[in-house]
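In: how would this look folded up:
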Amino acid sequence: MPKGAYIHDRRPLVLVPEVAREWMIQDESGKEAEEIAADGAVSADHFIWHPVSHAVGNVKNQGAELLEPVIIEQKSA
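Out: Numbering: from 1, shown residues only. This next block holds a predicted model:
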């Protein structure tokens, strides 16, 4: 898993289309949901990872600029 792939316990779950349909209709136990998530999730290496602005963390902020990569300045020692 690439660095930063584990964001938090409420991170989005991206499923392949066939599994997404199964996810929507499943009414079984939480165990089935766990299996669907484990077997049908799109792996983190299918995404392009880059740092974004801290503005992303505020739900009031909207706009495509939130997706733009930012340069992280190194702090000098």
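In: Only the buried residues of stretch 18-28, if you could.
Out: Neighbour-count burial for stretch 18-28, counted by 16 or more other CB atoms under 10 Å, picks out Val19. Quick note: C-beta positions are derived from backbone N, CA and C, even for glycine.
In: okay, that stretch in PDB with CA atoms only?
Out: Taking C-alpha atoms only, stretch 18-28 is exported to PDB below (Å, rounded to 0.1, in the frame of the first residue of the first chain):
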ATOM      1  CA  GLU A  18     -19.900  -5.600 -10.300                       C
ATOM      2  CA  VAL A  19     -19.100  -5.600  -6.500                       C
ATOM      3  CA  ALA A  20     -20.700  -2.200  -6.000                       C
ATOM      4  CA  ARG A  21     -24.000  -3.600  -7.100                       C
ATOM      5  CA  GLU A  22     -23.600  -6.500  -4.700                       C
ATOM      6  CA  TRP A  23     -22.800  -4.100  -1.900                       C
ATOM      7  CA  MET A  24     -26.000  -2.100  -2.500                       C
ATOM      8  CA  ILE A  25     -28.300  -5.100  -2.400                       C
ATOM      9  CA  GLN A  26     -26.600  -7.200   0.300                       C
ATOM     10  CA  ASP A  27     -28.600  -7.500   3.500                       C
ATOM     11  CA  GLU A  28     -26.400 -10.000   5.300                       C
END
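In: tell me what the helix ranked longest in the chain is packed against?
Out: Scanning the chain for the longest helix, with DSSP state H as the assignment, gives helix 30-40. When contacts are defined as 3 or more CB pairs under 8 Å, 6 or more residues apart in numbering; DSSP states H and E, helix 30-40 packs onto helix 17-25.
In: Many thanks, we can stop here.
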